[in-house]
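Visitor: this one's sequence-less:
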């Protein structure tokens, strides 16, 4: 179940706004979700984390009564799953008081508050995984992308998969929803984006243009051309159902030292920390797309075999992790129209049934 199932759009004479769909919340509280209570629980947690105020300027989508209804619904869903999880407040005003009492305490961080519930859901899902995409540590819930500057990332709860971006957080996006067997589509990404600050109630065209603009800010000119070409390609082929093309992805950023990872028997550290583009396609297919300039294979204008060797070595390693790697040369994007035609032909082949 996706977060957007919990909201509804109200239209009147000259106005449009989005609000919580209380009927859906009440129905879910009364009985299991058709899409699975696990996904419903994650979506409810996402809704609370997104909506509860982080500062005095954040009004959010829900009022005090709405927030209370969502919390009661979440508790009911978790009880059906056999998960006991205590939330330290009952509504939005309760969260205000909770924060006031602990004004300098890290325990008010919402990600940390809900981490035990997330961890319990993760443990339950480990025994009933049904074909969704798995990252290096399990289900993909911490997908950092559109990074205009390199983020600094630390683990706050390794067991629960809770991370904190401690530097340059404002310059990247964090997609923390589950990615299932259908992959991550433009439609799902757009729905997540619509619930970010400043996007409530905005017309769909405005929201999509804002998303594209935000993705483009992390790219150079040739990379923007590749993204723009695929965006146009997607709009002509059923935008919502096309796999999203995520730029500047830090999926493989590994904040745990090599010795720690060896001790915990979780595999080796991946040297590559950033991908130019990542596409999570249906059926668990994962495509890495790299656009190589001269810096990938030369140094001071001269061929550098060591740089090339490092590149292909990492390609081999990432392929062994289950990713398909495709490389474009910067020279292929000198002629914009030729580049567009080439990109369209590539994705025709890549995404054909």
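Guide: Structure received. These numbers come from a predicted model, not from an experiment.
Visitor: Let me know the pLDDT of the residue of the chain positioned farthest from its centre.
Guide: In the chain, the greatest distance from the average C-alpha position (C-alpha atoms, centre = their mean) is reached by residue 302, at 38.7 Å. Confidence at residue 302, expressed as pLDDT, is 70.
Visitor: before we move on, what about residue 62?
Guide: The model's pLDDT for residue 62 equals 89.
Visitor: Who are the contact partners of it?
Guide: The neighbourhood of residue 62, defined by C-beta atoms under 8 Å, 6 or more residues apart in numbering, consists of 19, 20, 51, 70, 92. Yep, even glycine has a C-beta here, placed from its N, CA and C like the rest.
Visitor: which residues touch the fourth one?
Guide: Right, residue 70. Residue 70 touches 6, 20, 25, 44, 47, 48, 62, counting by C-beta under 8 Å, 6+ apart.
Visitor: Present those as a markdown table; the columns should include distance to residue 351 and secondary structure.
Guide: Shown next, in a markdown table, are the contacts of residue 70 (distance: C-beta to C-beta, whole Å; DSSP: H, G, I helix; E, B strand; the rest coil):
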| residue | distance to residue 351 | secondary structure |
| --- | --- | --- |
| 6 | 31 | helix |
| 20 | 36 | strand |
| 25 | 36 | helix |
| 44 | 33 | helix |
| 47 | 31 | helix |
| 48 | 35 | helix |
| 62 | 38 | coil |
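Visitor: Closest one of those residues to residue 292?
Guide: Distance ranking of the contacts of residue 70 against residue 292, using C-beta to C-beta, places residue 47 first at 40.6 Å.
Visitor: just checking, that closest one touches residue 6?
Guide: Yes - the criterion here is C-beta atoms under 8 Å, and residue 47 meets it with residue 6 at 5.8 Å.
Visitor: Give me the buried positions along stretch 241-249.
Guide: Neighbour counts over stretch 241-249 (16 or more other C-beta atoms under 10 Å) mark 242, 243, 244, 245, 246, 247, 248, 249 as buried.
Visitor: and the end-to-end length of that stretch?
Guide: 21 Å (C-alpha to C-alpha, to the nearest Å).
Visitor: Then stretch 99-116?
Guide: Terminal residues of stretch 99-116 lie 19 Å apart, using C-alpha to C-alpha.
Visitor: Please work out the average pLDDT along it.
Guide: 75.
Visitor: which secondary structure elements does the host helix or strand of residue 339 contact?
Guide: Element membership for residue 339 (DSSP states H and E) is helix 336-350. Contacts defined by 3 or more C-beta pairs under 8 Å, 6 or more residues apart in numbering; DSSP states H and E place helix 336-350 against helix 221-235.
Visitor: Next secondary structure after the helix it packs on?
Guide: strand 246-249.
Visitor: Which other helices and strands does that following strand contact?
Guide: If you count contacts as 3+ C-beta pairs under 8 Å, 6+ apart, strand 246-249 packs onto strand 143-145, strand 275-281.
Visitor: could you redo the last one with a cut-off of 6 Å?
Guide: strand 275-281 (3 or more C-beta pairs under 6 Å, 6 or more residues apart in numbering; DSSP states H and E).
Visitor: so how far is the following helix or strand past the strand it packs on off the chain centroid?
Guide: Next in sequence after strand 275-281, counting helices and strands by DSSP H and E, comes strand 285-292. Here strand 285-292 shows a centroid-to-chain-centroid distance of 17 Å under the convention C-alpha atoms, centre = their mean, to the nearest Å.
Visitor: what about residue 351, distance to residue 325?
Guide: The spacing between residue 351 and residue 325, counted by C-beta to C-beta, to the nearest Å, is 16 Å.
Visitor: can you check residue 206 too?
Guide: Counting by C-beta to C-beta - residue 206 and residue 325 are separated by 35 Å.
Visitor: neighbour-wise, which of the two wins?
Guide: Counted by other C-beta atoms under 10 Å, residue 206 and residue 325 do not tie: residue 325 has more neighbours, with 17 against 11.
Visitor: Go ahead and confirm the more buried one touches residue 316.
Guide: No - Residue 325 lies out of contact with residue 316 (C-beta atoms under 6 Å); the separation is 9.1 Å.
Visitor: domain parsing for the chain?
Guide: 1-128, 134-353 (automatic domain parsing).
Visitor: Where among those domains is average confidence lowest?
Guide: For the domains of the chain, the bottom mean pLDDT is recorded on domain 134-353, which sits at a mean of 77.
Visitor: now that one, how far from the centre of its chain.
Guide: 10 Å.
Visitor: cool, stretch 39-51 as well?
Guide: For stretch 39-51, the distance to the chain centre is 14 Å (C-alpha atoms, centre = their mean).
Visitor: Please report the distance of the residue nearest the centre of the chain from residue 82.
Guide: Nearest residue to the geometric centre of the chain (C-alpha atoms, centre = their mean): residue 175, 1.6 Å. Using C-beta to C-beta, residue 175 is found at 28 Å from residue 82.
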